[in-house]
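Colleague: here you go, sequence then predicted model.
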There are 2 protein chains.
Amino acid sequence: MVVWERPEPPDRPVPAPLNRARLVRAAIQLADADGLDAVSLRKVAAALDVGPMRLYGYIATKEELLDLMLDTVYAEIQPTGDDWRQVLRSLAEATRQAAHQHEWLADLIGGRPQLGPNTLATGNAVLAAMGSVDLDTVVPAVAAVRAYVVGAVRREIAERRAERASGMDIKQFQTAYGPYLERTFATGRFPALAMAVRSGPHLSADETFRIGLEFLLDGIEARISN
Amino acid sequence: MVVWERPEPPDRPVPAPLNRARLVRAAIQLADADGLDAVSLRKVAAALDVGPMRLYGYIATKEELLDLMLDTVYAEIQPTGDDWRQVLRSLAEATRQAAHQHEWLADLIGGRPQLGPNTLATGNAVLAAMGSVDLDTVVPAVAAVRAYVVGAVRREIAERRAERASGMDIKQFQTAYGPYLERTFATGRFPALAMAVRSGPHLSADETFRIGLEFLLDGIEARISN
DNA sequence: CTTCAACCGATACGGTGTATTGATCAATAC
DNA sequence: GTATTGATCAATACACCGTATCGGTTGAAG
């Protein structure tokens, strides 16, 4: 049947015009809420009230969207400090903090070359703030700190997820995996490991991260001083 | 139509009975050949000449298969050495070498808690070989080296893939991304970065990895000596 | 007014992980 | 010896994915 008079559509608020930024923001919101697996082009499109294919006007591929998400988060990472050591430390801490706010960052970070503007800006700021230290030391030092941060953040987030997955009320990793690990250690196959777990230090995530970072910074400092 | 006489099947060689090890080996072969994305339960099953659902008799979920793959590779990582420094260094180098043989390792490593027998055995061997250094130092030191290795390996493999993707004949990263980076640097927005790329050291992957590792080991040594 | 081009939404395709169903076959109960 | 149950395993089915393709709509150009 033909509708002769189409009622004027209730002037729903004109949606802000779609663009890359809005697209990426929607994807980040989804990832923050439900993890990276929840970021499908269909869901992002639905969140924007748009057909899935519309997105291909702004990105060529899903991987590009992931790159854009990563670079967007990098805008939050702004190292500060007066000497090179403070700068590298703040780079590490800021990256870690970003990963706390966006856990999915742990899945992406370090996994592909990052050449987005914000990432480059961060790298530029770090290098600019490193002062007069010679490049032969600065370049590998920055690379090393980045590598450390990537690995440390990944491990920390992985543990956090494991804790959460094994009952949200259980607080300690040891408690979460206790039964399995206790059984395994009871076999006596891993004496040194069992000893370390049982009588080693019980470090918080903060302490573990910072101690490792200071190790690395100490090593860099030794090179710089000579 | 009924087939009254079914010809004796040509005695094709009885396939070895399926088990977890064979399953995981098949998955690793697929991943080695075509990357982690090529590891689908259907393809693994096909490689084993079996229906996809058969696999669920040996694994509960695809994630479990990935964990098993990772732990299997960890069997190749056997640190050696006489003092703690050699041990940590060989742990790092062995992990890196494993990632060279199985590039997909870069995608998985550090991404989830590793509690498989081979991984635990590696950890145990490291701790056992660390000698008399006190646990308060040893535990974070091992954690820091692991974190560094995870990040360094990820970056290295990511770069390697980028090189390969941008024309297999092009050798250098700078050449591969040259045009884009040159254009970007020409804007003058990232002077410090541009300077570092242009007049900084051009380190090989080996050198970058080792220099960063020695930074870290130096820092640990300083703590141990005091 | 016609024609063409660009756009854009819907449909479609080949894949994924896995739940469910249905068939086959061995072991047990009568 | 037959019937029944229970376990095993392959096939089908489902919901979802990324994205290629296509068909209709619309705005611009002649």
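Modeller: It's in.
Colleague: when you work out contacts or count neighbours from here on, use the C-alpha atoms and nothing else.
Modeller: OK.
Colleague: and the helix or strand where A:Gln97 lies, which residues are buried?
Modeller: Element membership for A:Gln97, per DSSP states H and E: helix A:84-101. Under the neighbour-count criterion of 16 or more other CA atoms under 10 Å in any protein chain shown, helix A:84-101 has A:84-96, A:98-100 buried.
Colleague: helices along chain A, start to end?
Modeller: Using DSSP state H, the helices found in chain A span residues A:20-34, A:41-47, A:62-74, A:84-101, A:105-108, A:117-129, A:135-165, A:173-186, A:191-199, A:205-225.
Colleague: break chain A down into its structural domains.
Modeller: Chain A breaks down by automatic domain parsing into domains covering A:1-59, A:78-225.
Colleague: could you measure the nearest residue to A:Tyr148 once chain neighbours are set aside against A:Gly116, distance?
Modeller: Among residues not flanking A:Tyr148 along the chain, B:Tyr148 sits closest, at 4.0 Å (CA to CA, 6 or more residues apart in numbering or on different chains). With distances taken as CA to CA, to the nearest Å, B:Tyr148 is found 23 Å from A:Gly116.
Colleague: looking at these two, which is more packed in?
Modeller: Neighbours per residue (other CA atoms under 10 Å in any protein chain shown) separate B:Tyr148 from A:Gly116, with B:Tyr148 holding more: 29 against 15.
Colleague: can I get stretch A:34-42 in CSV, CA atoms only?
Modeller: Extracted in CSV, the C-alpha atoms of stretch A:34-42 (Å, rounded to 0.1, in the frame of the first residue of the first chain):
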residue,chain,number,x,y,z
ASP,A,34,33.7,-4.7,27.0
GLY,A,35,37.2,-5.4,25.8
LEU,A,36,38.8,-5.4,22.4
ASP,A,37,36.8,-8.4,21.2
ALA,A,38,33.7,-6.3,21.5
VAL,A,39,35.0,-4.0,18.9
SER,A,40,33.5,-5.3,15.7
LEU,A,41,32.8,-3.0,12.8
ARG,A,42,29.1,-4.0,13.0
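Colleague: centre of the chain to it, how far?
Modeller: 16 Å (CA atoms, centre = their mean, to the nearest Å).
Colleague: equivalent analysis for stretch A:152-164, please.
Modeller: That offset, for stretch A:152-164, works out to 11 Å (CA atoms, centre = their mean).
Colleague: one more: stretch A:138-148?
Modeller: Offset of stretch A:138-148 from its chain centre (CA atoms, centre = their mean): 17 Å.
Colleague: roughly how far does A:Leu217 sit from B:Val145?
Modeller: Following CA to CA, the distance that separates A:Leu217 from B:Val145 is 13 Å.
Colleague: what do those two both touch?
Modeller: B:Leu216 (CA atoms under 8 Å, 6 or more residues apart in numbering or on different chains).
Colleague: out of the domains of chain A, which is closest to B:Gly200?
Modeller: Among the domains of chain A, domain A:78-225 comes nearest to B:Gly200, with 5.4 Å by CA to CA.
Colleague: what residues does chain A have near DNA strand C?
Modeller: Contacts of chain A with DNA strand C, taken as CA under 7 Å from any atom of the strand, map to A:50-51, A:53-54, A:57.
Colleague: which residues touch the residue nearest to A:Tyr148?
Modeller: A:144, A:147-152, B:213.
Colleague: in chain A, what residue lies closest to DNA strand C?
Modeller: Chain A approaches DNA strand C most closely through A:Arg54 (4.4 Å), counting by CA to the nearest atom of the strand.
Colleague: and that residue, how far is that from A:Ala143?
Modeller: Distance from A:Arg54 to A:Ala143, by CA to CA: 38 Å.
Colleague: can you report how many residues lie near the residue in chain A that DNA strand D sits nearest to?
Modeller: Relative to DNA strand D, the nearest point of chain A is A:Ser40 (3.3 Å; CA to the nearest atom of the strand). A:Ser40: 15 surrounding residues under other CA under 10 Å.
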